[in-house]
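# kindly generate the corresponding structure for this input.
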Amino acid sequence: MSAGVEVRGNSIRIYFRYEGELCREPIPGAATPANIANAERIVGVIQYEIEAGTFSYARHFPDSTRIQTNTFGHYIDLWLGIKRNQMAASGIRSHESRIEHHVRPRWGHVHADQIDHLDLQVWIQGTLMPKLHNKTVREILSIVRQVFRLYRTRNRSAHDPTDGIVVSLPDSDDPDPFTREEIDLILSTDSDRAQELNLAQFMIWTGPRVSEAISLAWEDVDLVAGTVLFRRARVRSKYKVTKTRRSTREVRLLAPALRALQAQEKLTGNLKPVEIEVTERDNRTIRRQKVRFVFHNGGTGQPYSTSDNLRNGWWKIHLKKAGVRYRGPNQCRHTFASQILSSSVASPEWIADQLGHSSTAMVFKHYAKFISKDGPDIVGMLNRALDL
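Purely as a prediction, here's the structure:
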């Protein structure tokens, strides 16, 4: 009997090495001389195809248990299971959406070793790029690449078909903060939603993320010292700790922000506490807290569940009424950083600390823009300082 064929009782099994692993598969029929000869022929064909690079496991053994666990969809499920223990629920939902709408319909049933580099390129250029933003395509490609990385831990000799595929991004938009004139219009325009006006004033002159502002509690506020502690966020109706450890921070308030909280205390300062569940950074541990939220939805009287409620329920309407070009409420954070930078008083390091970043590079790249008309006369100051 030739190598690659073994008889066990009255059954035949062949074995061969594929992608670094020893594979064993049964051959139908009893261990007759004719069936053994057929098994030897099959082994020869398989060895030839492996050397030629044309071997298809599914074609030879469509019912093999190895085939069922070799589909790209199988590794997608493994990858998602790992990520669920590493990421926040909001991030997982985003990944699941990308996978179920784009990746699984095209590649879920395909065997991972049959996915070709050129096929991926055609899919990206012909299917994804015409209808999705480059950033979204890049995120989808990143998921596919990570799933292949997981696949290769079990199939070490397998190639990565995503290798060399690049999706370029356009230059990011510059920060688009509100000017001092626009700030005055936003805060001076009448509204029957006093809480939202207080919230806008607080965000513009403190710089939190919207998710941090709407989850701020009176337990985090010290009106006497003029400080607040940002220690949680609300994302997609779930409370969690702040985005990074650095983002958990205590900040001193500028005068307009403190005045906004003083006005807000009269509206919500005496409300009864409610119990909430806050997900810790490991995305598994849940801690219960009893808190009194500072800002409530003026339309419903309930705490804000998402930033979308603020944007669509009041912000857009109020900016239109104020005659201010629309930008999202997240631009309040940009506005804070830009106004402080334009004042030429505080250092970029101070701004980064207020925003919860360890690097000043983030301040300039993502948040701050020098607003010359809101800043001091730098040229005049230099002329006087240098006696020019």
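# residue 217 bridge partners, please.
Per DSSP bridges, residues listed as beta-bridge partners of residue 217: residue 293.
# residues near it, how many?
22 (other CB atoms under 10 Å). (C-beta placed from N, C-alpha, C; glycine too.)
# check the one 10 residues further on too.
A count of nearby residues for residue 227, using other CB under 10 Å, gives 14.
# verify the stated contact: it with residue 249.
No. Using CB atoms under 8 Å, residue 227 makes no contact with residue 249, being 10.2 Å away.
# from residue 198, how far off is residue 206?
12 Å (CB to CB, to the nearest Å).
# before we move on, what about residue 177?
Relative to residue 198, residue 177 is positioned 20 Å away (CB to CB).
# next one: residue 286
Distance, residue 286 to residue 198, by CB to CB: 30 Å.
# those two: who's more crowded?
Per other CB under 10 Å, whichever of residue 286 and residue 198 has more neighbours is residue 198, with 25 against 11.
# list the contacts of that one.
Residue 198 makes contacts with 260-261, 263-264, 267, 295, as judged by CB atoms under 8 Å, 6 or more residues apart in numbering.
# nearest to residue 192 among these?
residue 267 (13.1 Å; CB to CB).
# quick one, phi/psi of the closest residue to the closest one other than its chain neighbours?
Among residues not flanking residue 267 along the chain, residue 195 sits closest, at 6.0 Å (CB to CB, 6 or more residues apart in numbering). Here is the backbone geometry of residue 195 (degrees, to the nearest 10): phi -60, psi -40.
# so what's the residue count around residue 195?
For residue 195, the number of neighbouring residues by other CB under 10 Å comes to 21.
# show me this protein divided up by domain.
5-64, 72-154, 180-374 (automatic domain parsing).
# among the ones you listed, show me which one is buried the most.
Scoring the domains of the chain by mean neighbour count under mean count of other CB atoms under 10 Å gives domain 180-374 as the most buried, with a mean of 17.
# my read is that the residue nearest to residue 267 contacts residue 268, right?
Yes. Using CB under 8 Å, residue 195 is in contact with residue 268, at 7.5 Å.
# overlap in contacts, those two.
Both residue 195 and residue 268 are contacted by 295-296, under the criterion CB under 8 Å, 6+ apart.
# hey, what's residue 14 bridged with?
Beta bridges link residue 14 to residue 5, residue 25 when assigned by DSSP bridges.
# in this protein, which spans are strands?
With DSSP state E applied, the chain shows strands at 5-8, 11-18, 21-27, 221-222, 227-230, 233-235, 238-240, 249-252, 274-279, 286-291, listed in chain order.
# would CSV of the ones you listed with mean pLDDT and distance to residue 214 be doable?
Listed next are the strands of the chain as CSV, based on pLDDT from 0 to 100; distance: least, CB to CB, whole Å:
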stretch, mean pLDDT, distance to residue 214
strand 5-8, 89, 67
strand 11-18, 90, 55
strand 21-27, 87, 52
strand 221-222, 96, 14
strand 227-230, 95, 11
strand 233-235, 91, 6
strand 238-240, 91, 10
strand 249-252, 92, 17
strand 274-279, 94, 12
strand 286-291, 94, 12
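# of the ones you listed, which is nearest residue 170?
Of all the strands of the chain, strand 233-235 sits nearest to residue 170, with 26.3 Å by CB to CB.
# list the neighbouring strands of that closest one plus their orientation.
Strand 233-235 is paired, per DSSP bridges, with strand 238-240 (antiparallel).
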